[in-house]
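1. got a structure for you, letters missing:
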């Protein structure tokens, strides 16, 4: 991509926006970083970009003359693509792309990319560890918290990039083409942004849009939408399954993970893994398949998956106090993810739920309690909505808390020796916290101080 002396607008000043603006500035572009939050530190943002003469920062209401003379707009993932000002950009013929597309244009080497509603971070982290054990020049980027643009300029032809891709990132790609892609599952999420399930699914399907017959796409056979999508993908498709034996693919059978393509290769037994739950075995299978089709020896894969301890904030064991085990599943930010948290519990559970409202329904989550949840402690913007769904399901063992600390302390008082306390909110954190990570850290802080 030729950017020198061209004028770019980077829309959004989060870590992705800063990464994109710095990448462009380093290659001689004229860059304007824009954010609608007028309370941000303008001088600090300018300093983070290097403070060069070709960079500027604009905050607050969007000035229409900012569109004059623009060559391209880079949208940060958090910026909706259907904003009126974005529509106006397109009407004027200004090309609008996402941060991922910009990074891909500058990056080199091979990309292995993962998307899906749930399991992305665990699968990406595990695949990243496998690839690091295979070769030295590996970057783990994307929705996992490390902006793709922040490292794209450091890559060479031998680089392997392992990328976690959200629907927000994938809806604005143009040429992005991973060597190996994976879609783990589709369940309703982010409908306040995408408006319909169809739009959400289509955004995620973009991960394979530019792939060809030399590439691979790893898909979940047990998800009807991904199974059907496999019939339309141009890449070579390999399925994984936790429920049945596959003629070709990777599957779970009698506690064994088996890879089959002509002959059967035993990967490992699930009791050799340090991860809990069938959903995690699916994540492992997806990562194994991606690495194996790329050419990583099975012995390297096997060693990596046995050593992998999991992801912070995803059914993370915190401690045991007075015979009660505490688990941090703050990354359970939608009902389907939170269902996986419940399914992994093997004790009577006091569950903490509630948070920011993403237009989700909670009946499936409540029905998954299956006698395990002895009390549900609700808080946040969704607590009344969840209570209504709980009543509709005939579940009455819930109570309300006004603050996060109150919720954790209440759960600790209710739990008896032999029980578990699980933070698995089924909601985003944004009504109380800037991120699910901050929420999870606060949970661990309170628990460890008990």
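-> Received it, and whenever you're ready, just let me know what you need. Please read all numbers here as calculations on a predicted model, not as lab measurements.

2. helices of the stretch 301-450 of the chain, start to end?
-> Counting by DSSP state H, counting those that start in this stretch, the stretch 301-450 of the chain has these helices, from start to end: 335-344, 363-367, 383-392, 404-414, 436-448.

3. show me what the third one is packed up against.
-> In terms of contact count using 3 or more C-beta pairs under 8 Å, 6 or more residues apart in numbering; DSSP states H and E, helix 383-392 is assigned the packing partners helix 363-367, strand 373-378, strand 398-400. Heads up, the C-betas are built off the backbone N, CA and C, glycines and all.

4. who does the second one pair up with?
-> Using DSSP bridges, strand 373-378 pairs in its sheet with strand 349-353 (parallel), strand 398-400 (parallel).

5. out of these, which comes closest to residue 301?
-> Nearest to residue 301, of all those, is strand 349-353, at 33.3 Å by C-beta to C-beta.

6. for this protein, what's the longest helix?
-> As assigned by DSSP state H, the longest helix anywhere in the chain is helix 278-294.

7. now do that helix against helix 335-344, angle only.
-> Counting by axes from the mean of the first three to the mean of the last three C-alpha atoms, to 10 degrees, helix 278-294 points 110 degrees away from the direction of helix 335-344.

8. what helices or strands is the strand or helix carrying residue 139 leaning on?
-> Per DSSP states H and E, residue 139 falls inside strand 138-142. Secondary-structure packing of strand 138-142 (3+ C-beta pairs under 8 Å, 6+ apart): helix 120-134, helix 148-151, strand 160-164.

9. verify the stated contact: residue 86 with residue 74.
-> No - counting by C-beta atoms under 8 Å, residue 86 stays clear of residue 74, with 11.6 Å between them.

10. more neighbours: which of these two?
-> Shown here are residue 86 and residue 74; by other C-beta atoms under 10 Å, residue 74 has more neighbours (30 against 18).

11. that's a strand at the more buried one, yeah?
-> Yes - if the criterion is DSSP: H, G, I helix; E, B strand; the rest coil, then residue 74 is within a strand.

12. quick one: it and residue 32, what's the gap?
-> Remark: distance between residue 74 and residue 32 (C-beta to C-beta, to the nearest Å) = 10 Å.

13. touching both of the two, which residues are there?
-> Shared contacts of residue 74 and residue 32 (C-beta atoms under 8 Å, 6 or more residues apart in numbering): 8, 9, 10.

14. list the buried residues in stretch 371-391.
-> 372-380, 382-383, 385-387, 389-390 (16 or more other C-beta atoms under 10 Å).

15. quick check: mean pLDDT across it?
-> Summarised as a single mean, pLDDT over stretch 371-391 is 97.

16. which residues are in contact with it?
-> For stretch 371-391, contacts defined as C-beta under 8 Å, 6+ apart pick out 342, 345, 347-357, 360-363, 366, 369, 395-404, 406-407, 410-411, 414, 419, 425-427, 431-432.

17. scan the shared contacts of residue 74 and residue 32 and report the most crowded one.
-> When these are compared by neighbour count (other C-beta under 10 Å), residue 10 ends up highest, at 32 neighbours.

18. show residues contacting the strand or helix carrying that one.
-> For residue 10, the element it lies in under DSSP H and E is strand 7-11. The contact list for strand 7-11, computed with C-beta under 8 Å, 6+ apart, reads 17, 20-21, 24, 29-35, 66-67, 69-76, 79, 86.

19. any idea which helix or strand comes after that strand?
-> Next along the chain after strand 7-11, with elements defined by DSSP H and E, is helix 15-26.

20. now the angle from that next one to strand 7-11?
-> For helix 15-26 against strand 7-11, the angle by the same axes, to 10 degrees is 170 degrees.

21. I'd like to know how far the closest residue to residue 105 other than its chain neighbours sits from residue 29.
-> Spatial nearest neighbour of residue 105, chain neighbours left out: residue 1 (4.0 Å); criterion: C-beta to C-beta, 6 or more residues apart in numbering. Separation of residue 1 from residue 29 (C-beta to C-beta): 10 Å.

22. in terms of neighbours, single out the busier of these two.
-> More neighbours surround residue 29 than the other of residue 1 and residue 29, with 22 against 14 (other C-beta under 10 Å).

23. three-state assignment of the closest residue to the more buried one other than its chain neighbours?
-> Take residue 29 and drop its neighbours on the chain: the residue closest to it by C-beta to C-beta, 6+ apart is residue 3, 4.1 Å away. Under the three-state scheme (three-state DSSP), residue 3 adopts coil.

24. now for residue 3, how many residues are close by?
-> Residue 3: 21 neighbours (other C-beta under 10 Å).

25. quick one: contacts for it?
-> 24, 27, 28, 29.

26. cool, and residue 27?
-> Residue 27 touches 3, 4, 106, 153, counting by C-beta under 8 Å, 6+ apart.

27. quick one: which of those residues has the most company?
-> Counting neighbours by other C-beta under 10 Å, residue 3 comes out on top of those with 21 neighbours.

28. how far away is it from residue 198?
-> The gap separating residue 3 from residue 198 is 35 Å, by C-beta to C-beta.

29. returning to that earlier point: out of the helices of the stretch 301-450 of the chain, deepest packed?
-> Ranked by mean neighbour count, these are led by helix 335-344 with a mean of 23 (mean count of other C-beta atoms under 10 Å).

30. give me the contacts around it.
-> For helix 335-344, contacts defined as C-beta under 8 Å, 6+ apart pick out 117-118, 185, 187-189, 276-280, 315, 327, 329, 331-332, 349, 351, 353, 360-362, 364-365, 368-370, 372-373, 422, 424-426.

31. any chance of the shared contacts of residue 74 and residue 32 in JSON lines, plus pLDDT and distance to residue 160?
-> Formatted as JSON lines, those follow (pLDDT from 0 to 100; distance: C-beta to C-beta, whole Å):
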{"residue": "8", "pLDDT": "96", "distance to residue 160": "28"}
{"residue": "9", "pLDDT": "96", "distance to residue 160": "31"}
{"residue": "10", "pLDDT": "96", "distance to residue 160": "27"}
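
32. just send those back as CSV, with distance to residue 98 too.
-> What follows is those, written out as CSV (distance: C-beta to C-beta, whole Å):
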residue, distance to residue 98
8, 13
9, 13
10, 11
